[in-house]
Each structure stands twice: as structure tokens, then as C-alpha cells.
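Engineer: Test case, fold it:
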Amino acid sequence: FYAAEGSGKPVILLHGNGEDHSIFDKAVPLLSQHFQVFAIDTRGHGQSFPVQESHYQDMTAALREFSRGRVLEKPGDCGFRADGVLALLLASQQPELLGGIVACGINTRPDGLKPFWLHLFRVMYLFNRSPLFKLMLTEPDITPEQLAAIRCPVLVTGGSRDMISQQHLREAAGHISGAALRILPGESHGSYIIGSEKIAEIVLEFAKGNQLL
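Structural biologist: You can find the predicted model right below:
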């Protein structure tokens with residue numbers, strides 16, 4: 001499932017684990033003044049088809065087919081946490097496909113989560129056995145070599161109060177040639193994304209700075 005709005009160069013908005021496209025409701029009106037915006041419910045989320053298991057590679061393949069099926073020319077991707085990982089995986093596997101990535105609060109390994117959060121998710125998984133919690137505990141495993149294969153402009157963002165460690169965000173951005181890192185003071189993992197216009201402003205600034213607008 002997806003909602004489309006606006007015209008111009010394509011931008012795909014990707015929500016996080018356990019959410020749906022509605023987290024971008026305040027960002028879409030601003031972005032659609034400049035882009036054709038596709039806000040997606042990724043595989044197994046929202047109004048898209050349910051799945052028994054969740055794996056990053058399956059979701060990455062679905063995102064690739066979405067882009068190809070609509071003949072989107074070098075779309076920009078803005079992905080939050082799990083779905084920021086999808087954008088990075090897709091760009092590493094097919095470097096020519098994407099025009100740029102804003103990857104928000106991403107971890108390339110489960111231990112990119114701060115210890116408190118990793119322990120909390122382990123306890124929660126013991127009780128609910130959710131495939132989404134299992135995904136966070138067992139995936140992703142993106143290597144430095146995969147990150148180095150990315151060729152499009154990339155901005156990695158995180159909040160100063162993020163559940164992802166700043167050291168991990170710095171390491172991830174450092175392996176991507178030319179990538180920028182922006183730590184947002186006072187922001188938590190999703191406070192500048194979920195129901196916020198701030199992420200639209202960040203995407204527009206990134207697009208202008210990289211001649212993508």
C-alpha cells in the first residue's frame with residue numbers, strides 16, 4: 001500500500017518497524033510542494049499484505065520492485081530506523097537505483113542499539129514472540145564493505161537522546177563515501193519524524209545541498 005501526492009522528482013518515505021505511512025502525515029504536505037512523494041506501508045506493515053516473518057532482504061526486494069514497477073528515475077529515499085536500513089541495503093546492492101538517502105536512526109547491527117534498549121527488546125520478545133521484535137534482535141548485519149558500495153549522497157541522522165548510540169551512527173556514516181552525519185540536539189529516536197514537519201525540512205535542506213531539487 002502507498003499514498004502518492006505532488007509532482008516532480010520522486011521521493012519515497014519509509015516508516016519504521018511496527019508503524020505505517022501515517023507517521024509522515026505532517027511532512028508530506030511540505031515535501032509534495034517540491035516532489036512527487038510516495039509514502040509506503042512496507043512489507044508486512046499497515047495496509048500492505050501481512051507476513052509470517054520479517055527479514056530485511058525481503059523488504060528490500062519489495063522496495064526495489066516498487067521503484068522499478070513505477071519506473072521511478074533515481075528516487076530519493078527517506079527511511080526511519082528499520083526502513084532506513086532498507087534504503088542503505090538497496091543502494092549497496094544496486095548503486096545506480098537511488099538518487100539520495102536520508103537514513104534516520106539506523107543501526108547496521110543489532111548491537112547498534114544502546115544496551116538498555118537491546119535488553120528491553122529481548123525481554124519483550126520473550127513475552128510476545130513478535131516477528132518485528134525478532135527482526136530487531138537478529139538483523140541487520142550490514143558490513144562496512146556493503147556501506148562502502150553506496151554511491152549516492154547520504155545523510156545519516158540521529159537524536160541526541162536516540163536509542164541508537166552516537167558512536168554507531170558515526171561508524172555507519174564513516175563507511176559511506178561522502179556521507180554526512182547530523183545529530184539533532186534534544187531529539188529522541190523518532191521525535192523529529194513521527195507526526196513532525198522537522199523531517200521534511202531536513203529532507204529539503206539535504207536535497208538542495210546535493211542538487212537533488
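Engineer: for stretch 94-113, which positions count as buried?
Structural biologist: Buried positions in stretch 94-113, judged by neighbour count with 16 or more other CB atoms under 10 Å: 97-108, 110, 112-113. For glycine as for every other residue, the C-beta is placed from the backbone atoms N, C-alpha and C.
Engineer: err, stretch 185-203, not the other one
Structural biologist: Glu187, Ser188, His189, Gly190, Tyr192, Ile193, Ile194, Ser196, Ile199, Ala200, Ile202, Val203.
Engineer: The fourth one is in contact with Gly16, isn't it?
Structural biologist: Right, the one you point to is Gly190. Yes - contact criterion CB atoms under 8 Å: Gly190 and Gly16 qualify, at 6.9 Å.
Engineer: residues shared between the contacts of those two?
Structural biologist: Shared contacts of Gly190 and Gly16 (CB atoms under 8 Å, 6 or more residues apart in numbering): Ile23, Phe80, Arg81, Gly105.
Engineer: hey, what's the second one bridged with?
Structural biologist: The partner list for Phe80 in beta bridges (DSSP bridges) reads Cys104.
Engineer: Give me the helix or strand of the chain that scores worst on average pLDDT.
Structural biologist: helix 56-69 (a mean of 86; mean pLDDT, DSSP states H and E).
Engineer: Buried residues, that helix. List them.
Structural biologist: Tyr56, Met59, Thr60, Ala61, Ala62, Leu63, Arg64, Phe66, Ser67.
Engineer: Enumerate every residue touching the second one.
Structural biologist: Which is Met59. Listed by CB under 8 Å, 6+ apart, the contact set of Met59 reads Thr42, Arg43, Gly44, Ala82, Asp83, Leu86.
Engineer: try Ala3
Structural biologist: His21, Val28, Phe38, Ala39.
Engineer: Go through those residues and say which is closest to Pro50.
Structural biologist: Closest approach between those and Pro50, by CB to CB: His21, at 15.9 Å.
Engineer: I'd say the closest one and Leu13 touch.
Structural biologist: Yes - look at His21 against Leu13 with CB under 8 Å: they come within range, at 6.8 Å.
Engineer: any residues in contact with both of those two?
Structural biologist: Residues within reach of His21 and of Leu13 at once, by CB under 8 Å, 6+ apart, are Ala39, Ile40.
Engineer: Looking at these two, which has the bigger crowd around it?
Structural biologist: Higher neighbour count among His21 and Leu13: Leu13, with 28 against 22, using other CB atoms under 10 Å.
Engineer: Next, the angle from the helix or strand that one falls within to helix 56-69.
Structural biologist: Using DSSP states H and E, Leu13 falls within strand 10-14. Strand 10-14 and helix 56-69 are oriented at 160 degrees to each other (axes from the mean of the first three to the mean of the last three CA atoms, to 10 degrees).
Engineer: dump the residue contacts of the residue of the chain most remote from its centre.
Structural biologist: Most distant from the centre of the chain: Phe127, at 27.1 Å, with distances by CA atoms, centre = their mean. Taking CB under 8 Å, 6+ apart, we find Phe127 in contact with no residue.
Engineer: Secondary structure of it: a strand, I assume?
Structural biologist: No - Phe127 is assigned helix when assessed by DSSP: H, G, I helix; E, B strand; the rest coil, not a strand.
Engineer: quick one on the thing from earlier: for the buried residues of stretch 94-113, which one is nearest Gly209?
Structural biologist: Gly100 (9.9 Å).
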